[in-house]
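Visitor: Sequence and predicted structure are below.
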Amino acid sequence: MSVVRQIVFWVALFFAGVWVVSVVTSHSAMAGAGAGMGRFSYWFRFTLEPYPSGGGDDELMGRVIIEGRAPPRWMKFGGVSPRYREVSLEWAMFSGVRVGETGGTCSIDLTKHEIVSGADRLPLDRENLGRLFGFAVAPEESMGFLDELLGRLEECRSGTLPRPRHHTYRFDEGPIRGRLQHFASGFSLSYPELVWAGVWLFMVLGVTTGMVLRRRRSSRKQSGSLTG
């Protein structure tokens, strides 16, 4: 077998093996989960709503959406949450007849713990978020909602969000409820595929070493016959 044919054979064998392994293990490596080792980028969208309290005209209602992205990076295991440095915040809230309806967008610099709204940069805390949402004179349930929101932002910053996966996470416990979409995308090899790559490399090295040894033996025999 010529060298070119051998190269084609071994490359084809490698990709055929990867395909077989990926088909067999597809149930444990769904899209978006970041399974295996490779280069991943990340995206999440967190939709949060106040849990209904039955407060009548003063009941807190609305929605806050947190969205963030993390640039591509090499990961030994892609199925973990990265540390997000910046996220966007979008809200549409109604905090009772005394305050009314508010809405808007801003950015959150998680590395500096700051709210970025236009040219303004404010410390990221409950008081400033409350003013941003129009909660300055809102009831206590608004404060509980803001504390939960700050906790979710801290999860984004510290890399403790639920791991990326194909399906949506859903939360339904007071004082906040909502859903989280968290995805990892990029090029990767799952751990079964890495095991196959190791086996394939071992076979290639074994065959190559055997060919080299046979050629050396053959050349020695030829040189011995010439000297004899």
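Guide: Yep, that arrived. Residues are numbered from 1 along each chain as shown.
Visitor: The top helix by length along the chain: which residues count as buried?
Guide: Among the elements of the chain assigned as helix by DSSP state H, the one spanning the most residues is helix 191-227. Neighbour-count burial for helix 191-227, counted by 16 or more other CB atoms under 10 Å, picks out Pro192, Glu193, Leu194, Trp196, Trp200. Bear in mind the C-beta positions are built from the backbone N, C-alpha and C, glycine included.
Visitor: Tell me the predicted confidence for the second one.
Guide: Spelled out, it's Glu193. Here, the pLDDT recorded for Glu193 equals 71.
Visitor: Hmm, it is touching Met37, no?
Guide: No. Using CB atoms under 8 Å, Glu193 is not in contact with Met37; the gap is 9.3 Å.
Visitor: Let's have the buried residues of helix 191-227 in TSV, adding distance to Arg83.
Guide: Compiled in TSV, these are given as follows (distance: CB to CB, whole Å):
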residue	distance to Arg83
Pro192	28
Glu193	27
Leu194	25
Trp196	32
Trp200	35
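Visitor: which helices and strands does the longest helix of the chain pack with?
Guide: With contacts defined as 3 or more CB pairs under 8 Å, 6 or more residues apart in numbering; DSSP states H and E, helix 191-227 has these neighbours: helix 3-24.
Visitor: Show me what the helix it packs on is packed up against.
Guide: Contact analysis of helix 3-24 by 3+ CB pairs under 8 Å, 6+ apart lists helix 191-227 as its packing neighbours.
Visitor: Can you list phi and psi of Glu152 for me?
Guide: Glu isn't right for residue 152; it's Arg. phi -70, psi -40 (degrees, to the nearest 10).
Visitor: distance of the residue nearest to Pro82 when sequence neighbours are not counted from Tyr84?
Guide: Using CB to CB, 6 or more residues apart in numbering and skipping residues adjacent in sequence, the residue nearest Pro82 is Ala70, 4.3 Å away. In this view, Ala70 and Tyr84 are 6 Å apart by CB to CB, to the nearest Å.
Visitor: more neighbours, those two?
Guide: A side-by-side neighbour count of Ala70 and Tyr84, using other CB atoms under 10 Å, places Tyr84 first with 24 against 19.
Visitor: Could you tell me whether that one really is in a strand?
Guide: No. Counting by DSSP: H, G, I helix; E, B strand; the rest coil, Tyr84 is not found in a strand; it is coil.
Visitor: need the contact list for it.
Guide: For Tyr84, the contact set (CB atoms under 8 Å, 6 or more residues apart in numbering) comprises Tyr42, Phe44, Gly68, Arg69, Ala70, Leu110, Cys156, Arg157, Gly159, Leu161.
Visitor: by how many degrees do the helix or strand containing the second one and helix 191-227 diverge?
Guide: The reference is to Phe44. Applying DSSP states H and E as the criterion places Phe44 in strand 37-50. Regarding strand 37-50 and helix 191-227, their directions subtend 180 degrees when assessed with axes from the mean of the first three to the mean of the last three CA atoms, to 10 degrees.
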